[in-house]
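Visitor: Model the following, please.
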Amino acid sequence: MSKIHTPWPLEIPDDSPFSMANIPFGIFSTKSNTERRAGAAIGTLVIDLSVLETHGFFADCLLTKFNNVFNQSTLNNFASLPLENRSAIRKRIINLLDDRTSAIFNNLAINSEAILRMSDATLHLPMQIGGFTDFMCSRTHIDNSTQIAGRSANPQTFAQPMAYNGRASSIVVSGTPIHRPCGMIPAPGGQGLVFGPCEKMDFELELGFFVSKPIPFGHRIKTADEAREHIFGFILLNDWSARDIQLAEMFPLGPFNGKGSGTSISPWVVTLDALEAARTCTLDVGAATAMANLPQHLRHMTDDYTWDILVESSLKRVGIDKTFKIGRSSLRDSYWSPGQMLSYHASSGCGFRTGDLLGTGTLSSPGHSVETPSLACLLELTEGGTKPFVFGENSLTWIEDGDEVVFEGWAMTRDGHRIGFGELRGTLLPSLP
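Guide: Below is the predicted model of the structure:
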């Protein structure tokens with residue numbers, strides 16, 4: 001990798017997800033330095049935070065007991081810092097990048113070491129993930145998926161957030177291919193089950209969020225508002241789903257191998273500080289109406305308890321040049337908020353560690369139509385595989401080998417700046433022998 005001198009001001013493309021208002025955090029390495037360390041994304045560049053830390057740029061932002069926060073292979077040390085310290089570091093980065101007199105521009109040695117092209121960086125999982133739980137927070141997804149399964153929505157779904165504990169071992173970073181899983185699927189003719197490759201592979205368009213401040217074993221969170229103190233930031237999440245395996249196993253104990261083959265996440269963690277302007281009220285009237293009657297640990301005391309984060313799915317098929325949009329939806333439409341999910345999960349006393357990951361579940365929004373699709377998985381889009389989704393001269397029922405699924409997500413600041421998550425990409429490969 002050739003060293004570059006980056007002058008002030010930084011040139012940030014207008015359509016970049018990583019504006020000065022964002023500053024997401026991730027883990028990267030380069031060919032010239034294979035050690036994994038922490039970075040921040042800005043435009044088409046990566047800021048090597050380990051270099052800035054070594055040169056003392058964050059000395060007054062950290063408590064005495066905290067050091068060597070960024071020269072680490074994960075963001076766990078940074079995420080475990082008190083919120084005021086993490087916020088101070090993010091503000092320091094913004095101030096350094098916005099100041100033409102700062103040393104990262106005027107000191108050529110620091111400049112050449114601390115700023116690199118994102119194209120020269122290899123991105124890795126941002127956190128050491130000890131546990132993964134995936135929720136079911138969208139009323140639209142709940143209604144559609146239960147109807148497809150020939151059931152009606154369980155009323156308990158709207159009394160408490162529903163979830164399953166997933167596999168942390170199969171969480172992979174964007175760009176990592178997923179092999180078509182094998183499992184027990186319906187036999188030809190529908191009599192019994194046979195072991196074989198999944199025939200109904202699906203994606204799930206979600207957001208995920210990481211735990212920052214740990215919750216000790218045996219402790220609970222008093223309110224859903226308090227859960228914000230324990231959330232580090234958000235990423236895009238694709239919970240790959242083998243629908244035939246899943247439907248054959250999920251009653252009565254829930255998803256198992258149908259969800260275990262892979263969960264893809266985007267590499268850059270967008271913090272709550274960056275998303276502050278996107279805080280908003282839910283658009284689910286039923287959820288807002290029910291709030292006052294919920295138990296205390298599930299209750300929000302303010303209206304702006306969720307975020308207006310748009311997410312979008314696309315598909316790229318081998319032999320077709322164009323990438324086709326599949327659907328767009330928003331976290332704002334969800335019945336349950338991230339704070340409610342975390343608070344409910346913690347109510348068992350299970351405890352949480354820094355780096356634990358929670359998924360929102362499939363973020364389908366109401367108002368779906370052919371012109372404006374708003375459903376976030378193929379199970380819903382194709383009504384269980386009975387009505388193919390048409391794109392161009394092609395159709396899509398389930399994901400085929402070689403298909404690449406692409407997610408994007410973004411929010412907006414009050415003054416019109418885009419806060420994006422970058423892309424989450426994953427390609428489905430044939431099953432292993």
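Visitor: what bits of the chain have low per-residue confidence?
Guide: Residues of the chain meeting the criterion pLDDT under 70: 1-3, 63-66.
Visitor: Tell me the buried residues in stretch 367-377?
Guide: Neighbour-count burial for stretch 367-377, counted by 16 or more other Cβ atoms under 10 Å, picks out 368, 373, 374, 375, 376, 377. C-beta here means a position set from N, CA and C on the backbone, and glycine is covered the same way.
Visitor: For the first one, which non-adjacent residue is closest in space?
Guide: In space, residue 368 comes closest to residue 374 once its chain neighbours are excluded; the distance is 4.5 Å by Cβ to Cβ, 6 or more residues apart in numbering.
Visitor: and the one you found, that's in a strand?
Guide: No - Residue 374 is assigned coil when assessed by DSSP: H, G, I helix; E, B strand; the rest coil, not a strand.
Visitor: related to what we said a few turns ago, and the buried residues of stretch 367-377 as CSV, adding distance to residue 314?
Guide: Compiled in CSV, the buried residues of stretch 367-377 are given as follows (distance: Cβ to Cβ, whole Å):
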residue, distance to residue 314
368, 17
373, 11
374, 14
375, 14
376, 12
377, 14
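Visitor: from those residues, which is closest to residue 111?
Guide: When the buried residues of stretch 367-377 are ranked by distance to residue 111 (Cβ to Cβ), residue 376 comes first, at 42.2 Å.
Visitor: quick revisit: thought residue 363 was touching the residue nearest to residue 368, still the case?
Guide: No - between residue 374 and residue 363 there is no contact under Cβ atoms under 8 Å: 9.4 Å.
Visitor: what do those two both touch?
Guide: Common neighbours of residue 374 and residue 363, counting by Cβ atoms under 8 Å, 6 or more residues apart in numbering, are residue 329.
Visitor: For the longest helix that the chain contains, buried residues please.
Guide: Longest helix of the chain, by residue count under DSSP state H: helix 83-97. Residues of helix 83-97 classed as buried: 83, 85, 86, 88, 89, 90, 92, 93, 94, 96, 97 (neighbour count, 16+ other Cβ under 10 Å).
Visitor: What of stretch 229-243?
Guide: Buried-residue list, stretch 229-243, by 16+ other Cβ under 10 Å: 230-243.
Visitor: In contact with the closest residue to residue 334 other than its chain neighbours, which residues?
Guide: Nearest in space to residue 334, with sequence neighbours left out and distances taken as Cβ to Cβ, 6+ apart, is residue 137 at 4.4 Å. With contacts defined as Cβ under 8 Å, 6+ apart, residue 137 is in contact with 161, 334, 335, 336, 337, 341, 360, 361, 363.
Visitor: What helix or strand is the third one located in?
Guide: Under the assignment given by DSSP states H and E, residue 335 is not contained in any helix or strand.
Visitor: Could you pull up the contacting residues of it?
Guide: Residue 335 sits in contact with 137, 138, 139, 142, 158, 282, 284, 286, 287, where contact means Cβ under 8 Å, 6+ apart.
Visitor: I'd like to know how far it sits from residue 288.
Guide: With distances taken as Cβ to Cβ, to the nearest Å, residue 335 is found 10 Å from residue 288.
Visitor: same deal with the fifth one?
Guide: Using Cβ to Cβ, residue 337 is found at 11 Å from residue 288.
Visitor: swap in residue 236?
Guide: Distance from residue 236 to residue 288, counting by Cβ to Cβ: 26 Å.
Visitor: Equivalent analysis for residue 312, please.
Guide: Distance of residue 312 to residue 288, computed by Cβ to Cβ: 25 Å.
Visitor: same question, residue 342
Guide: Residue 342 sits 19 Å away from residue 288, going by Cβ to Cβ.
Visitor: Also residue 197?
Guide: Counting by Cβ to Cβ, the gap from residue 197 to residue 288 is 44 Å.
Visitor: So between the two, which is more surrounded?
Guide: Per other Cβ atoms under 10 Å, whichever of residue 197 and residue 288 has more neighbours is residue 197, with 18 against 15.
Visitor: who touches the more buried one in this structure?
Guide: 180, 181, 182, 430, 431.
Visitor: Most neighbours among those residues, please name it.
Guide: Using other Cβ under 10 Å as the neighbour criterion, residue 181 leads the contacts of residue 197 with 22 neighbours.
Visitor: ok, and the closest non-adjacent residue to that residue?
Guide: Of all residues not flanking residue 181 in the chain, residue 261 sits nearest, at 3.6 Å (Cβ to Cβ, 6+ apart).
Visitor: same question, residue 15
Guide: Per Cβ to Cβ, 6+ apart, closest to residue 15 is residue 418, 7.5 Å.
Visitor: How about the backbone phi and psi for residue 31?
Guide: Taking degrees, to the nearest 10, you get phi -60, psi -30 for the backbone angles of residue 31.
Visitor: Let me see the ranges of the helices in the protein.
Guide: Assigned by DSSP H, the helices in the chain fall at 49-54, 76-79, 83-97, 103-106, 108-114, 139-148, 243-249, 285-290, 338-346, 378-381.
Visitor: Which secondary structure elements does the first one sit against?
Guide: Going back to what we said before, that points to helix 49-54. strand 37-42, helix 83-97, helix 108-114 (3 or more Cβ pairs under 8 Å, 6 or more residues apart in numbering; DSSP states H and E).
Visitor: Only alpha carbons, please: show the last one as CSV.
Guide: As requested, C-alpha coordinates have been extracted for helix 108-114 and formatted as CSV (Å, rounded to 0.1, in the frame of the first residue of the first chain):
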residue,chain,number,x,y,z
LEU,A,108,3.2,14.7,7.1
ALA,A,109,4.4,11.6,9.1
ILE,A,110,1.2,11.4,11.1
ASN,A,111,-0.9,12.2,7.9
SER,A,112,0.7,9.4,5.9
GLU,A,113,0.2,6.8,8.7
ALA,A,114,-3.2,7.8,10.0
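Visitor: measure the residue lying closest to residue 269 once chain neighbours are set aside to residue 87 for me?
Guide: In space, and not counting its chain neighbours, residue 269 is closest to residue 233: 4.1 Å by Cβ to Cβ, 6+ apart. Noted for residue 233: a distance of 12 Å to residue 87, by Cβ to Cβ.
Visitor: One more: residue 153?
Guide: Noted for residue 153: a distance of 40 Å to residue 87, by Cβ to Cβ.
Visitor: again with residue 254
Guide: Separation of residue 254 from residue 87 (Cβ to Cβ): 38 Å.
Visitor: same deal with residue 133?
Guide: Residue 133 is 26 Å from residue 87, by Cβ to Cβ.
Visitor: what's the answer for residue 416, then?
Guide: 23 Å.
Visitor: what does residue 423 give?
Guide: Distance, residue 423 to residue 87, by Cβ to Cβ: 27 Å.
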